[in-house]
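K.L.:
I would like the atomic coordinates for the input below:
(chains A and B)
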Amino acid sequence: MPVHNAEIAALFDRLADLLEIEDANPFRVRAYRNAARTIASLGPSVAGLVAAGRDLSELPGIGEAIAEKIAIIVKTGRLPQLAEVEARTPSALAYLMQIDGLGPKRVKALYRQLDIRSFEDLARAARSGKIRELDGFGAKTEAMILQHLDRRLGATQRMRLAEAEDIAAALVDHLRKAPGVKDVSVAGSLRRRKDTVGDLDILVTAARHSRVMRHFVEYDEVTEIVSQGDTRSTVVLRSGLHVDLRVVPQVSFGAALCYFTGSKAHNIAVRRIGVAKGCKVNEYGVFKGAKRIAGRTERDVYATLGLDYIEPEMREDRGEIELAAKGRLPKLVTLDDIRGDLHCHTDLTDGRNTLEEMATAARERGYEYLAVTDHSKHVTVAHGLDKAGLMAAIRRIDRLNARLDGITILKSAEVDILEDGRLDLPDSVLRELDLVVCAVHYKFNLPEKKQTTRILRALDNRHCNILAHPSGRLINVREPYEVDLQAIMTAARERGCFLELNAQPARLDLTDVHCRMAKDMGLKVAISTDAHSTGQLDYMRFGIGQARRGWLEARDVLNTRGLSELRKFLKRV
DNA sequence: GCCGTTTTCGGCCCGACTGTTTTCAGTCG
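P.N.:
Residues are numbered from 1 along each chain as shown, chains lettered A, B, ... in the order given. Now for the predicted structure:
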């Protein structure tokens, strides 16, 4: 059984947690965390790279020692060094650090002095008042621990981007009404367009001594004020979302926006560039000695450090800084580049709007074409179409195209991939379509080899053009199914097929990492909304964000092509 | 443990807020 990248990364993260509790060299701890991050954001499987004899120490943050450890993990599934550490320090202690306010030092003190090894131990000690007696702890810390223990269940899940975006928009509206406020900007992972966000980071510029902090904590959605200072405060909203607000003067806006957008790893890497150039970089600007030499705009900050402007979606320290230094950053795809949508549904199956309503809505968005991809018969919950139903739908589209100006409706279907890899509709009807989108809707839990073979067989059908939502994940609901995406991408490229980046906020499937993998392999991606209503056509922006996180440029995206060029791409090799 | 427009050894990002302190450690982002 191959060891997945995520599992390898988790071993190193766990090792880092426990070493931190043991007060090991913090830079060594960071080295393990960096390695974990590199592995987790790698497209190709590490196990595969090892099997192919590749030298892993070429990867950023991975040297000889960690490369060797990875090889052992791939071979045995275990990291011997982790077992050694766990013999001294119980593995469960790492979980205790999930409690807000408990870091490695305090967890160590709790373990050493009170033998606390679990949430249950922690709750018992806190309730009996033992924690307040420890050095460095007090009554407030004890109360805080109890409070967070109570809330722990269910509160740790990250929120989907779309949901967080709504909550942020309402809060930004509120903040704009504060007297003395100039700019209000959402930063953090929301600005980086990550598929889920852990908390909201909001940056405000305002005159000194403005009342904006008070205005913030008095927002009626606030249920708790975690901390409140002159320039920074943290609150919890009714939704459970934590919000950090930072107030800076306008002269620091760019530097603060960089700092608050992150990611943390990106910030560290940028500041290291600063150190190498004899500057200090912080949220107030770039400083040479005491003199501020940049800070008003993000562009200034990067330029002063010899870097091209880096789009927020790329700021993950995944190689973007090196490219920015060389002036070779990709020009990321934008919403304006999109010429049409290649996956949507109508009320003929499980969509809410009629064919004509969907067509008109697509035209209003400036699209040149819209592929209507109602379900095939096997997807009974969606009232999927059989051959006769689809033939009737095709004729309806022909009639609509004949009288509709300004947009072309492409005849298509989202054809179910059956368990054995055959498609749910016969070739005799598939050949009547402009394009065929195929997807897995049942039997998610096949073993990796079977699932991969199943999909490869579907791609073998000469009518198949696009594989929709290739991993099947539903964020916070269903894990991706076990499948060898590298093999599927290779096969898709060879056959002249494409993979979809499904823009539904709950899917965002392909992931950013897999988009980048597709790009590196020279495989184009279709960014599609899978809209089930006219309004959902606007989900395209989530797909664009994810594509940009995967470094996709317009040329890497199928539906940035005009109709005639698109038709050429849909002729399989 | 990683890494190199100063380096193969000696560095490794930077600041705000809190609680328990009487000048700072711990945590967080």
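K.L.:
please make it C-alpha for all contacts and neighbour counts, starting now.
P.N.:
OK.
K.L.:
count of residues packed around the residue lying closest to residue A:90 once chain neighbours are set aside?
P.N.:
Using C-alpha to C-alpha, 6 or more residues apart in numbering and skipping residues adjacent in sequence, the residue nearest residue A:90 is residue A:117, 7.0 Å away. Neighbour count for residue A:117, taken as other C-alpha atoms under 10 Å: 21.
K.L.:
doesn't residue A:556 make contact with residue A:524?
P.N.:
Yes - counting by C-alpha atoms under 8 Å, residue A:524 sits close enough to residue A:556 to count as a contact (4.9 Å).
K.L.:
which of those two has more residues huddled nearby?
P.N.:
Set side by side, residue A:524 and residue A:556 show more neighbours around residue A:524, with 26 against 22, by other C-alpha under 10 Å.
K.L.:
check contacts around that one.
P.N.:
Contact analysis of residue A:524 by C-alpha atoms under 8 Å, 6 or more residues apart in numbering lists A:498-499, A:518, A:555-558.
K.L.:
in CSV: the residues you listed, plus secondary structure, pLDDT and distance to DNA strand B.
P.N.:
Output for the contacts of residue A:524, formatted as CSV (DSSP: H, G, I helix; E, B strand; the rest coil; pLDDT from 0 to 100; distance: C-alpha to the nearest atom of the strand, whole Å):
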residue, secondary structure, pLDDT, distance to DNA strand B
A:498, strand, 98, 34
A:499, strand, 98, 32
A:518, helix, 98, 24
A:555, helix, 98, 30
A:556, helix, 98, 29
A:557, strand, 98, 31
A:558, helix, 98, 35
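K.L.:
identify the farthest-apart pair in those residues.
P.N.:
The most widely separated members of those, counting by C-alpha to C-alpha, are A:499 and A:555 (14.5 Å).
K.L.:
neighbour count winner among these two?
P.N.:
residue A:499 (28 against 16).
K.L.:
worst mean pLDDT across the helices and strands of chain A, which element?
P.N.:
Every helix and strand of chain A was ranked by mean pLDDT, DSSP states H and E. The lowest is helix A:139-151, at a mean of 85.
K.L.:
may I see the buried residues of that helix?
P.N.:
A:141-146, A:149 (16 or more other C-alpha atoms under 10 Å).
K.L.:
and DNA strand B, which of these contact it?
P.N.:
A:141-142 (C-alpha under 7 Å from any atom of the strand).
K.L.:
farthest pair in the buried residues of helix A:139-151?
P.N.:
A:141 and A:149 (12.2 Å).
K.L.:
what about the strands in the stretch 351-500 of chain A?
P.N.:
Assigned by DSSP state E, counting those that start in this stretch, the stretch 351-500 of chain A shows strands spanning A:369-372, A:408-411, A:414-416, A:437-439, A:466-467, A:498-502.
K.L.:
which of those strands sits most buried?
P.N.:
strand A:498-502 (a mean of 29; mean count of other C-alpha atoms under 10 Å).
K.L.:
which residues touch residue A:423?
P.N.:
A:415-417, A:438, A:458, A:461.
K.L.:
that one pairs with what?
P.N.:
Beta-bridge partners of residue A:423, counted by DSSP bridges, are residue A:417.
K.L.:
pull up the gap between it and DNA strand B, please.
P.N.:
46 Å (C-alpha to the nearest atom of the strand, to the nearest Å).
K.L.:
and that residue, how far from residue A:455?
P.N.:
According to C-alpha to C-alpha, to the nearest Å, residue A:423 and residue A:455 sit 10 Å apart.
K.L.:
pLDDT score for the residue located most distally from the centre of chain A?
P.N.:
For chain A, the residue at maximal distance from the C-alpha centroid (C-alpha atoms, centre = their mean) is residue A:133, at 42.6 Å. At residue A:133, the predicted lDDT confidence score is 89.
K.L.:
for it, give its distance to residue A:102.
P.N.:
Distance from residue A:133 to residue A:102, by C-alpha to C-alpha: 16 Å.
K.L.:
I'd guessed residue A:491 sits against residue A:457; true?
P.N.:
No - using C-alpha under 8 Å as the test, residue A:491 is too far from residue A:457 to be in contact (9.9 Å).
K.L.:
ok, these two, which is more surrounded?
P.N.:
Neighbour comparison, residue A:491 and residue A:457: the larger count goes to residue A:491, with 19 against 16 (by other C-alpha under 10 Å).
K.L.:
what's the closest non-adjacent residue to the more buried one?
P.N.:
Nearest to residue A:491 is residue A:456, by C-alpha to C-alpha, 6+ apart, at 7.0 Å.
K.L.:
and the residue of chain A nearest DNA strand B?
P.N.:
Residue nearest to DNA strand B within chain A: residue A:138 (2.5 Å; C-alpha to the nearest atom of the strand).
K.L.:
tell me the contacts of that residue?
P.N.:
A:131-132.
K.L.:
quick one: pLDDT of it?
P.N.:
Residue A:138 is given a pLDDT of 90.
K.L.:
measure it to residue A:227 for me?
P.N.:
Residue A:138 is 17 Å from residue A:227, by C-alpha to C-alpha.
K.L.:
do residue A:101 as well
P.N.:
12 Å.
K.L.:
circling back to that earlier point, show me the contacts for the residue nearest to residue A:491.
P.N.:
Here residue A:456 is in contact with A:421, A:488, A:491 (C-alpha under 8 Å, 6+ apart).
K.L.:
next, format the residues you listed as JSON lines and append distance to DNA strand B.
P.N.:
Shown next, in JSON lines, are the contacts of residue A:456 (distance: C-alpha to the nearest atom of the strand, whole Å):
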{"residue": "A:421", "distance to DNA strand B": "42"}
{"residue": "A:488", "distance to DNA strand B": "30"}
{"residue": "A:491", "distance to DNA strand B": "32"}
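K.L.:
break chain A into its domains for me.
P.N.:
A:5-154, A:159-247, A:252-326, A:335-570 (automatic domain parsing).
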